[in-house]
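Student: following is a predicted model, sequence given first.
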Amino acid sequence: MNAQEIISSGILELYCMGLSSAAETAEVAAWAKQYPEVAAEIEVIQSGLESYAQTHAVAPAASVKEKLFAAINTNEAAPVVNIKTAEKTTAKVYSISPAWKYAAAASVILLVGSLLLNYTFYNKYQSANKELASTQNELQQQITSAQSMDSAIDIMGDMHATQVVAKSVDTTADMGARIYWMKNTHEVYVDPANLPKAPEGKQYEFWAIVEGAPVNGGVITTEINGKKVHVQKMKSFGKVQAFAISLEDAGPAKAKPDKVMAVGSSI
């Protein structure tokens, strides 16, 4: 068996509780030397058992100590027994079979062992559930990302899409965005992948120059959950002369651009 199979088999829990056979104990000792992860798992189980025992420990009543010392310090004389009388008396001695003692002890051990195993497996079950939820969340993000990419590809390949490149007004800055304007529907899409992340407290806003005046087309989102946005639908326009992107203070979309970062060529 490999290390993972050993850890999943349940034998390590039996070993830590002293319920494994001599052969199993020897095997576990050998595995612990061979696999560091097995040795680490044994330490985790032992720590869990110790924590469980401490959590469920029951402290004796304070009166127990007093009764014990009272019994030890008693001054009563031992009873005198007549030897002859004792010889004539037939004493009946009842004893409990060792087998029953062992059975009772084994029952207690099995009960405690069952509780500890349930406790261990419950913790593993909780851990597995968390890992499953994390995996499902990551998978959903991947599905959403794939759907977004498919949508972006459809828009970029649309025969009615006119591509406009909004270039940085600062010629030394390597930034900008691609704009896809659908002439048949007047829909507008922005690919902000080449826009750097907006500074703290700032946001990018999209503008269309209509009849010589800037009209706000909405706030541009560059990232979602740490991943770049490839295509974002903006406000639709009719006749457009040019497009622009500005950097504004975070909050509601503005009526006029404050700092224009990129401008697209006229259509």
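Tutor: Perfect, I can see it now. Numbers count the residues shown, from 1 in each chain.

Student: which strand or helix spans I245?
Tutor: Per DSSP states H and E, I245 falls inside strand 242-249.

Student: repeat that for V164.
Tutor: Judged by DSSP H and E, V164 forms part of strand 161-168.

Student: specify the angle between the strand holding I245 and strand 161-168 in degrees.
Tutor: An angle of 50 degrees separates the directions of strand 242-249 and strand 161-168 when computed by axes from the mean of the first three to the mean of the last three Cα atoms, to 10 degrees.

Student: for E223, which residues are in contact?
Tutor: Shown in contact with E223 (Cβ atoms under 8 Å, 6 or more residues apart in numbering): K197, V229. For the C-beta atoms, the positions are set from N, CA and C on the backbone; glycine is no exception.

Student: okay, and the beta partners of it?
Tutor: Beta-bridge partners of E223, counted by DSSP bridges, are K228.

Student: distance of it relative to P196?
Tutor: 10 Å (Cβ to Cβ, to the nearest Å).

Student: also V229?
Tutor: Distance, V229 to P196, using Cβ to Cβ: 13 Å.

Student: quick check: neighbours shared by the two?
Tutor: Counting by Cβ under 8 Å, 6+ apart, the residues touching both V229 and P196 are T222.

Student: S20: neighbour count?
Tutor: Applying other Cβ atoms under 10 Å, we find 17 other residues in the vicinity of S20.

Student: need phi/psi at the closest residue to it other than its chain neighbours.
Tutor: Setting aside the residues directly before and after it, S20 is nearest to L14 in space (Cβ to Cβ, 6 or more residues apart in numbering), at 4.5 Å. The phi and psi values for L14, taken as degrees, to the nearest 10, are phi -60, psi -40.

Student: do G212 as well
Tutor: Here G212 shows phi and psi, under degrees, to the nearest 10, equal to phi 80, psi 0.

Student: tell me if I'm right that it and V240 touch.
Tutor: No. Under the contact definition of Cβ atoms under 8 Å, G212 does not touch V240, with a separation of 11.5 Å.

Student: neighbour count: the two, which is higher?
Tutor: V240 (21 against 7).

Student: so which of V229 and P196 has more stuff around it?
Tutor: Neighbour count, other Cβ under 10 Å: between V229 and P196, V229 has more, with 17 against 12.

Student: and the more buried one, how far is that from Q126?
Tutor: Using Cβ to Cβ, V229 is found at 35 Å from Q126.

Student: ok, A262 next?
Tutor: As for A262, its distance to Q126 is 50 Å (criterion: Cβ to Cβ).

Student: the two - which one has more neighbours?
Tutor: Under the neighbour definition other Cβ under 10 Å, A262 and Q126 were set side by side, and A262 has more, 23 against 10.

Student: quick one, what contacts the more buried one?
Tutor: Contacts for A262 were tallied using Cβ under 8 Å, 6+ apart; they are A166, K167, S168, V169, M175, G176, A177, L195, A244, I245.
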